[in-house]
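K.L.:
Make a model of this:
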Amino acid sequence: MGKGKVKSEKGKGWIQGRGLIPLLLVFQLLLFTFHFASEARAQEDVVQLLVRQRSEVRAAELLRQMGGRVAARPPADLAPASIYLLWHDRVLARRQAVADSLAEAARRAREDSLAHLPPTLPEIRWSKVEPDEQGPFIGEYGEVFWVAAPRLAALDTVATPRLRALLNGAFGAPTRNAAAAEQEGYAGSEFVQFEYWLVVNDTIPLLVLDRDGPFGRGVIVAGSEAHRRYLPLLTADLARRLGDARPTPYVDYYHAYDRRQWFQTGFDGAAYYTHETRTPRWASARRRNERWRIFR
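P.N.:
Residues are numbered from 1 along each chain as shown. The predicted model follows:
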């Protein structure tokens, strides 16, 4: 009874031992299969790497032969972008948009600051139109649209008779006044005491005339619409020149419209004067001629 039991246990152990052999064989086969699969995958990766490198070299050669120009690949041939690449490109695009926006804002701010800078001229050369040169001046600037320059305290606070004397000292006799109208026949407005026609740098026309004859302060400075931005600069330069000038004697006639009276006004070298006078002979005989009106 005991021997049978022992044999039975030995047979059972032998069977179990023999049953392990196939399992071991299967396990070893799996190991070999995994090993060969890994080697095959590694070989495949190496082949793909070589193929890619060869393609890159060929592409570089073609690019060099074509002079740096390559035909665009159709969208169907492009590899689908991953979620990461899409996110990354979106982040980069957003950053670039912000950078472009800031750059554009900086450019506009710079242009605005430059636009508001006062203009400058390398030099300012003044020349006065003489009474007998009115015709050519009107021929060139007769259709100009005149605009008033900004008012300047250095001029507006000075009595017009003194400014007339300073203009006389700086530029000589005016282009138009009673004497010029009588001598040259250019009929301006009888309600304007004097007119200085000036040209700056041979290209910029300016007019300087009284506001209210000898009864006002300051003068009117006007320039062409095309040179509006230079008017503050030129008005300041004119004020500086008049500040450096010495008053010289003059005689003018002025018709005060609201008073219905003619006046003789001037500077005798020592004092300024203004007194009533009869209508000048040349004024009563003069006919209005729009041809010689410079400001419209």
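K.L.:
tell me the contacts of the closest residue to residue 250 other than its chain neighbours?
P.N.:
The shortest distance from residue 250 to any non-neighbouring residue, by Cβ to Cβ, 6 or more residues apart in numbering, is to residue 168 (4.8 Å). The C-beta positions use only the backbone N, C-alpha and C, and glycine is treated the same way. For residue 168, the contacting residues are 174, 247-250, 267, by Cβ atoms under 8 Å, 6 or more residues apart in numbering.
K.L.:
Tell me the span between the first and last residue of stretch 130-145.
P.N.:
22 Å (Cα to Cα, to the nearest Å).
K.L.:
whoops, stretch 125-134 was the one
P.N.:
Across stretch 125-134, first to last residue, Cα to Cα, it's 19 Å.
K.L.:
what does stretch 171-178 give?
P.N.:
17 Å.
K.L.:
in the protein, which ranges drop under the pLDDT threshold?
P.N.:
1-88, 111-118, 179-190, 284-296 (pLDDT under 70).
K.L.:
Surely residue 221 touches residue 238?
P.N.:
Yes: between residue 221 and residue 238 a contact is recorded at 6.7 Å, counting by Cβ atoms under 8 Å.
K.L.:
more neighbours, those two?
P.N.:
A count of neighbours by other Cβ atoms under 10 Å puts residue 238 above the other of residue 221 and residue 238, at 26 against 23.
K.L.:
List the backbone torsions phi and psi for the more buried one.
P.N.:
Per-residue torsions, residue 238: phi -60, psi -40 (degrees, to the nearest 10).
K.L.:
Count the residues that sit near residue 257.
P.N.:
11.
K.L.:
Ignore what I typed, I meant residue 155.
P.N.:
Neighbours of residue 155 (other Cβ under 10 Å): 23.
K.L.:
Look up how far residue 169 lies from it.
P.N.:
The gap separating residue 155 from residue 169 is 15 Å, by Cβ to Cβ, to the nearest Å.
K.L.:
Between the two ends of stretch 265-276, what distance do you get?
P.N.:
Using Cα to Cα, first and last residues of stretch 265-276 are 9 Å apart.
K.L.:
what's in contact with that stretch?
P.N.:
With Cβ under 8 Å, 6+ apart, stretch 265-276 has contacts from 159, 161-162, 164-165, 168, 193, 213-215, 247-254, 261-264.
K.L.:
With stretch 227-243 instead?
P.N.:
In contact with stretch 227-243 (Cβ under 8 Å, 6+ apart) are residues 118-121, 124, 126, 147, 149-150, 152, 154-155, 163, 166-167, 170, 200, 204-206, 208, 221, 223.
K.L.:
one step back: mind checking which of the contacts of stretch 265-276 are buried?
P.N.:
Buried residues within those, counting neighbours by 16 or more other Cβ atoms under 10 Å: 161, 164-165, 168, 193, 213-215, 247-248, 250, 252-254, 262-264.
K.L.:
Can you give me the neighbour number for residue 283?
P.N.:
For residue 283, using other Cβ under 10 Å, the count is 16.
K.L.:
Next: residue 191.
P.N.:
For residue 191, using other Cβ under 10 Å, the count is 13.
K.L.:
Go ahead and confirm it touches residue 255.
P.N.:
Yes: between residue 191 and residue 255 a contact is recorded at 5.6 Å, counting by Cβ under 8 Å.
K.L.:
Out of the contacts of stretch 227-243, which sit inside helices?
P.N.:
154-155, 163, 166-167, 170 (DSSP state H).
K.L.:
Please pick the buried ones from the residues you listed.
P.N.:
Counted by 16+ other Cβ under 10 Å, the ones in helices among the contacts of stretch 227-243 give 155, 163, 166-167, 170 as buried.
K.L.:
Need those residues in CSV (columns: distance to residue 243).
P.N.:
Formatted as CSV, these follow (distance: Cβ to Cβ, whole Å):
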residue, distance to residue 243
155, 10
163, 11
166, 8
167, 12
170, 10
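K.L.:
If you drop the residues flanking it in sequence, what lies closest to residue 198?
P.N.:
residue 206 (4.4 Å).
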